[in-house]
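Student: Based on what follows, work out the 3D shape:
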Amino acid sequence: MSIGIAGHYMSGKTSSAIPARLNLEGKEIIVFDQDQNQLVRANLHEIIISDRLGNIPRKVSFPDSSHFETKENDLFEKQLRLHGKSGSLLHRFEGKLHYIILSILLTVISVLAFLMVGLPYASVIVANGLPSDLLDQASKSTLYTMDKFALEPSKLSQQRQDEINTMVRNSMPKNQHNYYRILFRQGKELGANAFALPDGSIIFTDELIELLESEEEIFAVFAHELGHVVERHSLRQILQSSVLLIFSYLVIGEATDGVLELTNALPALLMSSSYSRKFESEADDFAIALLKKLKIPAYHLGDALEKLSHSHSEADGIKYLQTHPSTEERIQKSRQ
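Tutor: Presented below is the predicted three-dimensional model:
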């Protein structure tokens, strides 16, 4: 016979409770009064035992609607385990609450670390690993969408377009001529702006060409956009918001249809110029380094930004400035 567990018994027929003891014998549970008279008997599988929560009394409910309550929770828990009845799941969780909280905190920290460090790093690996044919398809699709909804054919004369193309080609090293191509469009509501597609296509709006007075300023903006191409900022920006696609690429090791689908977000990204501050700073640094390498004064980038700043207010929606780092900060950096 097991050790008796002290408590109180309620028959369910009256509201009174009498002192009693509960015993576990094999697969049965029996309640006796103080005179050792049996009050109720049932198999373990027939009873309902309340979950343990702190020091709240445990309640054992019997098939005849009677029940037994005890405050001897530790002893009751021990007896239940000895007789093959597992303890309360809720209590087991409660007893390990500090481990659960620690696990949750570690999980949160791990997720944040991945989002802040792992995800940007993984986006670089994936963006640099995408094949050229995928970049070409994504760029063609993006240009088609932008032409359909945001841009119009350029009204710049063919002579002026050729002059700009020639100026850029003469400024860039010959072995890099195949890395880019320059396109011209009317910006309409986008105004004076420039966009870089993943395949190296760089779009100048007519409004931007009309605004910038010197060839050096035009080249400085070209250099900035080329920085976005080289660093694959557009793809990395989208990939960083596509955890599942990055994971699929890293595991499968190839560009799937899912990766292709994410490039559908490129038009919205480019038209809103929603690059991160970090990416814009990287593109500026690339442009300044290229200008200096080609013996072109880097302040031309600042001059171009200054003209954009003076000609458009943020209320007018000049996208090229709104989400970039502080225009004044960028101007000063180009003039250092």
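Student: Give me the contact list for the helix or strand hosting His310.
Tutor: Under the criterion of DSSP states H and E, His310 resides in helix 299-311. Helix 299-311 has contacts (C-beta atoms under 8 Å, 6 or more residues apart in numbering) with 192, 211-214, 216-221, 223-224, 284, 287-288, 291, 318, 320-321, 327, 330-335. For the C-beta atoms, the positions are set from N, CA and C on the backbone; glycine is no exception.
Student: what do you get if the cut-off is 6 Å, keeping everything else the same?
Tutor: 211-212, 216-217, 220-221, 287, 320-321, 327, 330-331, 334-335 (C-beta atoms under 6 Å, 6 or more residues apart in numbering).
Student: Can you verify Asn55 is assigned to a strand?
Tutor: No - counting by DSSP: H, G, I helix; E, B strand; the rest coil, Asn55 is not found in a strand; it is coil.
Student: For burial, what's the neighbour tally of it?
Tutor: Asn55 has 8 neighbours, counted by other C-beta atoms under 10 Å.
Student: For it, which non-adjacent residue is spatially closest?
Tutor: In space, and not counting its chain neighbours, Asn55 is closest to Asn73: 6.6 Å by C-beta to C-beta, 6 or more residues apart in numbering.
Student: ok, now how distant is the one you found from Arg52?
Tutor: From Asn73 across to Arg52, the span is 6 Å (C-beta to C-beta, to the nearest Å).
Student: do the same with Leu308
Tutor: On the measure of C-beta to C-beta, Leu308 and Arg52 end up 69 Å apart.
Student: quick one: low-confidence ranges for this structure?
Tutor: 1-3, 54, 83-100, 110-131, 239-274, 311-325 (pLDDT under 70).
Student: Pop the domain breakdown of it in here.
Tutor: As recorded under automatic domain parsing, the domains making up the chain are 5-88, 110-334.
Student: Sketch out the strands for the stretch 101-250 of the chain, chain order is fine.
Tutor: With strands called from DSSP state E, counting those that start in this stretch, the stretch 101-250 of the chain shows them at 152-153, 181-186, 194-196, 201-205.
Student: Output those as CSV; include the columns mean neighbour count and distance to Ile29.
Tutor: Listed next are the strands of the stretch 101-250 of the chain as CSV, based on neighbours: other C-beta atoms under 10 Å; distance: least, C-beta to C-beta, whole Å:
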stretch, mean neighbour count, distance to Ile29
strand 152-153, 11, 85
strand 181-186, 18, 83
strand 194-196, 26, 76
strand 201-205, 23, 79
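Student: And those strands: which comes nearest Asp133?
Tutor: Nearest to Asp133 among the strands of the stretch 101-250 of the chain is strand 201-205; the distance by C-beta to C-beta comes to 14.9 Å.
Student: Please report how far the closest residue in space to Glu69 that isn't next to it in sequence lies from Lys71.
Tutor: Nearest non-adjacent residue to Glu69, counting by C-beta to C-beta, 6+ apart: Pro57, 4.7 Å away. To Lys71, Pro57 is 5 Å away according to C-beta to C-beta.
Student: for Leu102, same thing?
Tutor: The value you get for Leu102 to Lys71, if C-beta to C-beta is used, is 30 Å.
Student: who has more neighbours, the two?
Tutor: Lys71 (15 against 11).
Student: The more buried one touches Arg58, doesn't it?
Tutor: No - shown here, Lys71 and Arg58 do not form a contact pair, counting by C-beta atoms under 6 Å, at 8.0 Å.
Student: how about stretch 34-45 as CSV, C-alpha atoms only?
Tutor: Extracted C-alpha coordinates of stretch 34-45, given in CSV (Å, rounded to 0.1, in the frame of the first residue of the first chain):
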residue,chain,number,x,y,z
GLN,A,34,-10.3,9.0,9.1
ASP,A,35,-11.9,5.7,10.3
GLN,A,36,-10.4,3.9,7.3
ASN,A,37,-13.8,3.5,5.7
GLN,A,38,-13.7,3.5,2.0
LEU,A,39,-15.3,6.5,0.4
VAL,A,40,-14.7,6.0,-3.3
ARG,A,41,-12.6,3.7,-5.5
ALA,A,42,-11.7,4.0,-9.2
ASN,A,43,-9.2,3.0,-11.8
LEU,A,44,-6.5,5.6,-12.7
HIS,A,45,-7.8,5.9,-16.2
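Student: Any idea how far it is from the middle of the chain?
Tutor: Offset of stretch 34-45 from its chain centre (C-alpha atoms, centre = their mean, to the nearest Å): 59 Å.
Student: do stretch 163-177 as well
Tutor: On C-alpha atoms, centre = their mean, the centre of stretch 163-177 falls 39 Å from that of its chain.
Student: Tell me which stretches of the stretch 101-250 of the chain form helices.
Tutor: For the stretch 101-250 of the chain, the helices defined by DSSP state H, counting those that start in this stretch occupy 119-129, 132-149, 158-171, 206-211, 215-230, 233-239, 243-252.
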